[in-house]
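>>> sequence first, then the predicted structure:
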Amino acid sequence: MGDYFERIVDLEVASAEAGAVAERMVDWMVSRGWLLRETSRDSMYSLQVDEGHVPGPDWMRITQEWGDDWIPGPVAVIVGRHEHHAGQGGIEPSSAVCPHCRSTTVVIDYPQRWEADPVVWQPFSEAIEAWKDTGAGSAICPSCTTSSPITAWHWADDFALGCLAFDFWGWPPLTEDFIAEFAGRLGHRIGHHTGKF
């Protein structure tokens, strides 16, 4: 058993703008009846926040049909520079793709290894920590030796770095139309994944 979430991460919003964008998105979802302004801590397990917005009367319009008796949990709005993991737990991504030369750096060499190679992962990990602390962090590609912002790298396993995320706890799967409309409202590239607590 466990509690499941579906997450949408804004991959491009600047840290200074994330709070205002979050408010705008919540206002939009409240205006459509998908969320309420009321918040709750019940069935809320996001690591960065303690409470989320309660579903509104029309929440079923943005999800797949799971029956009239389904009661979803809150939607957490996470503002700040964070790494976001899909699945269950905080496992490093298995690879990273350079935004400059598009070569892939293998971080976890499945099935030979089941955890990150510490030598390979260390420069990425340090760049992520620097980005979380200061807003700037870069990693050098082992193939082309170009240094690129850590937020420009592309990650395997739906790993994402972003300053704004929305965790839908215990909701039926969100519809593709809603996800597309949500991304359009954000005006940025998104990461989208599911996971379990």
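All right, it came through fine. No experiment lies behind these values; they were computed from the predicted model shown.

>>> pLDDT wise, what is Gly19 at?
Confidence at Gly19, expressed as pLDDT, is 97.

>>> you'd agree it is up against Val77?
No: judged on CB atoms under 8 Å, Gly19 makes no contact with Val77 at a distance of 9.5 Å. Heads up, the C-betas are built off the backbone N, CA and C, glycines and all.

>>> strands along the chain, start to end?
Taking DSSP state E as the test, the strands found in the chain are 4-10, 35-40, 52-55, 75-84, 95-97, 104-106, 138-140, 147-149, 154-155, 160-169, 190-196.

>>> got JSON lines for these, with mean pLDDT too?
What follows is the strands of the chain, written out as JSON lines (pLDDT from 0 to 100):
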{"stretch": "strand 4-10", "mean pLDDT": "95"}
{"stretch": "strand 35-40", "mean pLDDT": "97"}
{"stretch": "strand 52-55", "mean pLDDT": "97"}
{"stretch": "strand 75-84", "mean pLDDT": "96"}
{"stretch": "strand 95-97", "mean pLDDT": "97"}
{"stretch": "strand 104-106", "mean pLDDT": "97"}
{"stretch": "strand 138-140", "mean pLDDT": "97"}
{"stretch": "strand 147-149", "mean pLDDT": "97"}
{"stretch": "strand 154-155", "mean pLDDT": "95"}
{"stretch": "strand 160-169", "mean pLDDT": "96"}
{"stretch": "strand 190-196", "mean pLDDT": "89"}
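
>>> mean neighbour count, those strands: which tops it?
Mean neighbours per residue, mean count of other CB atoms under 10 Å, is largest over those for strand 160-169, with a mean of 25.

>>> report the strands that pair with it, each with its relative direction.
Here strand 160-169 has these sheet partners by DSSP bridges: strand 4-10 (antiparallel), strand 75-84 (antiparallel).

>>> tell me the angle of the last one relative to strand 35-40?
Per axes from the mean of the first three to the mean of the last three CA atoms, to 10 degrees, the angle that strand 75-84 makes with strand 35-40 is 80 degrees.

>>> and the contacts of strand 75-84?
Contacts of strand 75-84 from elsewhere in the structure, counted by CB atoms under 8 Å, 6 or more residues apart in numbering, are 7, 9, 15, 18-19, 22, 25-26, 29, 35, 44, 46, 48-49, 51-53, 55, 90, 128, 131-132, 135, 159-169, 171, 191, 193.

>>> alright, calling it a day.
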